[in-house]
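[1] coords please:
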Amino acid sequence: MDTSQIINLNDYYGFAIYKAKKVFKKLPERAKNKIDLNELTQESLIGLMKAANKYNPKKGASFATFSAIYIDGALKDYLRKQDPLTQKERGKVKALDRAEEKIWQTHFMEPSVSGLAEVLGVSENEVRKIQRLKKTFLSLDENGQTDFTRELPALKNPDPQAEIAKKELWKDMNECLKNALKHYERAVLSLRSLGELTLKKTAQILGMDINKAHRLEKKARGKMKCCLENKGWEVTDIIEIFAE
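    Got it, this is the predicted structure:
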């Protein structure tokens, strides 16, 4: 069932991009050198589009909940492909982690190779091999889904007037996005601004050549500027309100 024309994906691009960035942030530092954030973001957006094509509103679930499942699945599949370890090797690494935690909780000391070997029931040589494997292991928290809104950074001692201005600006920006821009103009602007994707990646995701994506972005920015100015906003207002 193709519902991509019913669901406005522009409303969910930011969520998909956020999910990709959140997963990237959780990766160990050694893994960040191997994973391309742009590619991870692209996989997240592909998961969103797959969800739009398979979503059936008659089944009761909201699209936000439904799409999160597909986005998470796409991200995990991508990371598994980047993981050089076999399933058996990953199991050994997880067992080592559990053994280290057990020793810490029991003896309150740094786990030794001999202590780990005793807990795991293997030789010290095998423990050293698993420790070397662990250095290449890509970990991803597979526990329950995170709450998108709860994890957004909270403002410290917000200025009430600034908060009112922000709400008004967001309201006007959303109106301009929906009313002043066409579908692909909104899509290009969302991917380029929210996702911080390159023009090449944006064009690939939307299935168009890079020159067309560039023209659409330029046109969209011009329309947004004109629309916001007609509502009384200036560029300096926007910078001042969102400055940290």
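[2] so what are the domain limits for the chain?
    9-82, 87-134, 160-242 (automatic domain parsing).
[3] out of the ones you listed, deepest packed?
    Mean neighbour counts were taken over the domains of the chain using mean count of other Cβ atoms under 10 Å, and the top value, a mean of 17, falls to domain 9-82. C-betas here are computed from N, CA, C, even on glycine.
[4] run the chain-centre distance for that one.
    Computed by Cα atoms, centre = their mean, to the nearest Å, the chain-centroid distance of domain 9-82 equals 6 Å.
[5] for that domain, measure first residue to last.
    28 Å (Cα to Cα, to the nearest Å).
[6] for it, what is the average pLDDT?
    Mean pLDDT, domain 9-82: 83.
[7] also stretch 227-241?
    On average, stretch 227-241 scores 69.
[8] for this protein, just list every one of the helices.
    Along the chain, counting by DSSP state H, helices occupy 13-26, 29-32, 37-54, 63-82, 87-107, 113-120, 124-134, 160-180, 183-189, 199-206, 210-230, 235-242.
[9] got the angle for the fourth one vs helix 37-54?
    Between helix 63-82 and helix 37-54, the angle comes out at 130 degrees (axes from the mean of the first three to the mean of the last three Cα atoms, to 10 degrees).
[10] same check, this time on the first one
    Orientation of helix 13-26 against helix 37-54 (the same axes, to 10 degrees) gives an angle of 140 degrees.
[11] give the other helices and strands that helix 13-26 contacts.
    Of the remaining helices and strands, those touching helix 13-26 by 3 or more Cβ pairs under 8 Å, 6 or more residues apart in numbering; DSSP states H and E are helix 37-54, helix 63-82.
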